[in-house]
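In: Provide a 3D model corresponding to the input given below.
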Amino acid sequence: MMRSRVLVVDDEPNGRRMLEILLLKMGCEVALANDGKAALAVLEDLEIDLVVTDQNMPELDGLGLLAALRGKGNNVPVILVTAYGTVESAVAAMKQGAFDYLIRPFELENVELTLRRALDRQRIVRENLFLRDEMERGWQEFIGQSGVMRTVYDLIRQVAQSKASVLIQGETGTGKELVARAIHRNSGRRGLFVSINCAAIPADILESELFGFVRGAFTGAHKDRVGKFELADGGTLFLDEITEMSAALQAKLLRVLQENRVDRLGSNHPVEIDLRVVAATNRDPREAVQQGSLREDLYFRLNVFGIELPPLRERAEDIPLLSQYFLGKYCEDLGCRTGKLNPSTLQALAAYAWPGNVRELQNMMERAAVLSRGAEVTTAHLPREIVQNDAPRGAALAVAAEDDLDLEKHVSALEKRLIRTALEQAEDNKAKAARLLKISERTLWYKLKKYFRD
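Out: Numbers count the residues shown, from 1 in each chain. Okay, here's the model as predicted:
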């Protein structure tokens, strides 16, 4: 843990030395200054957790130093040291925002208690600021205000502060790792977010990656190595494409989750761990259980809290926002101004099925940024499969006139027509209609409430 750094300000060498010895015994780093002006110079160069300053000093006294700090917006806690006869100035300092004051002569036990209280409060303040920043950063990468995405955001908020394991289901490119990172950032866990793709690593190597090993455990194990389980201790382990993990390794994973301890390969000394597991799959996990590619007991252990990510075709109203965001990002990388997407381009993007989901759209906008170089993005900047969409004619966005280019209105009209057609073909069977539309039944119910409230 990082040691606290305390600045001691006193024009008397003996006074500085006494506090320095006490703070060093407490495990603190100590910086010294002989008056207020020198203290301000130190504070410009170093990050200080606490200032302990004498009141009576030449050049700039303790009250002046406190006023200067608050004037600069520096809220570092300040403890004022004063003689018995000048208690009034100490009380005045408290009114100006000092943390506390010490009266000479003082007992070292009382001094240490006051110092520890101030450092503990500063630690809590900084941890809260860190967590707030992490929580804010946890949402910055999410783009989209559709109803289905708002549901996802609510689920992340609900589960983040718990210790529950999470299973994320969604097609490739829907942002499963993004959701896992948001859960970690909003959880308050101070450990690392560790990610591993179970489909990208051979089974024998995946085991050593997860569990680690000791020297001599197998040929080539020349030194001890920490595995991903231990690396994520105190944090979150994200297991992507969990259904691709071998059955034998799934059994070992289940044991780790049940016992909260891990044995490195070749070691007989288990290591206690405290981690949260978030797993993800692009397959239906229930089907994976039936097919034998996911152990049923592991499924129940991971699926304490499930989150289903919608494919991009189920959140067409987010496509304009996503497209403009990615276009701006890549134009900035290229050093050119951000171009606009013209109405015909937006229509083509909205009508496309997006089998690669958000990741495919992101790649498409990178291409458009390279080709347009800040100019208006037209259909000429899109790949042929987008412009010459093979979707049925009934799925095309029909725009009556050039002055009728309200994308959201036309997307809504298209969705209504398709939903009505699917319900007719399914004889009003909602589950069957959802399958015809290739969306989840939950999404269909949301759209029915949105478009057909009456």
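In: Next one: the closest residue to Phe213 other than its chain neighbours from Glu209, what distance?
Out: Distances taken as Cβ to Cβ, 6 or more residues apart in numbering place Leu265 nearest to Phe213, at 3.9 Å, with adjacent residues excluded. For every residue, glycine as well, the C-beta is placed using N, CA and C. Using Cβ to Cβ, to the nearest Å, Leu265 is found at 10 Å from Glu209.
In: Distance of Asp284 relative to Gln169?
Out: When Asp284 is compared with Gln169 (using Cβ to Cβ), they lie 7 Å apart.
In: Could you check which of these two is surrounded by more residues?
Out: Using other Cβ atoms under 10 Å, the more surrounded residue of Asp284 and Gln169 is Gln169, with 20 against 13.
In: these two touch, right, the more buried one and Phe305?
Out: No. Using Cβ atoms under 8 Å, Gln169 makes no contact with Phe305, being 11.8 Å away.
In: anything in contact with each of the two?
Out: Common contacts of Gln169 and Phe305, defined by Cβ atoms under 8 Å, 6 or more residues apart in numbering, are absent altogether.
In: per the record, what domains does this protein have?
Out: Domain assignment for the chain by automatic domain parsing gives 5-130, 146-309, 312-389, 392-454.
In: sorry, back to before: please look at the residue nearest to Phe213 and Arg215 and confirm they touch.
Out: No. Leu265 is beyond contact range of Arg215, at 10.7 Å (criterion: Cβ under 8 Å).
In: Now Gly328, what are its backbone angles?
Out: Torsion angles at Gly328 (phi, psi; degrees, to the nearest 10) stand at phi -60, psi -40.
In: what about it, neighbour count?
Out: 15.
In: With mean pLDDT as extra columns, can I get the domains of the chain in TSV?
Out: Output for the domains of the chain, formatted as TSV (pLDDT from 0 to 100):
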stretch	mean pLDDT
domain 5-130	86
domain 146-309	91
domain 312-389	89
domain 392-454	69
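In: And the strands in this structure, which stretches?
Out: For the chain, the strands defined by DSSP state E occupy 5-9, 29-33, 50-54, 78-83, 100-104, 166-169, 193-197, 212-213, 225-226, 236-240, 261-262, 271-272, 276-281, 305-308.
In: Now distance to Lys176 too, for these, in JSON lines please.
Out: Converted to JSON lines, the strands of the chain look like this (distance: least, Cβ to Cβ, whole Å):
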{"stretch": "strand 5-9", "distance to Lys176": "41"}
{"stretch": "strand 29-33", "distance to Lys176": "43"}
{"stretch": "strand 50-54", "distance to Lys176": "44"}
{"stretch": "strand 78-83", "distance to Lys176": "48"}
{"stretch": "strand 100-104", "distance to Lys176": "50"}
{"stretch": "strand 166-169", "distance to Lys176": "5"}
{"stretch": "strand 193-197", "distance to Lys176": "10"}
{"stretch": "strand 212-213", "distance to Lys176": "25"}
{"stretch": "strand 225-226", "distance to Lys176": "25"}
{"stretch": "strand 236-240", "distance to Lys176": "7"}
{"stretch": "strand 261-262", "distance to Lys176": "24"}
{"stretch": "strand 271-272", "distance to Lys176": "28"}
{"stretch": "strand 276-281", "distance to Lys176": "4"}
{"stretch": "strand 305-308", "distance to Lys176": "9"}
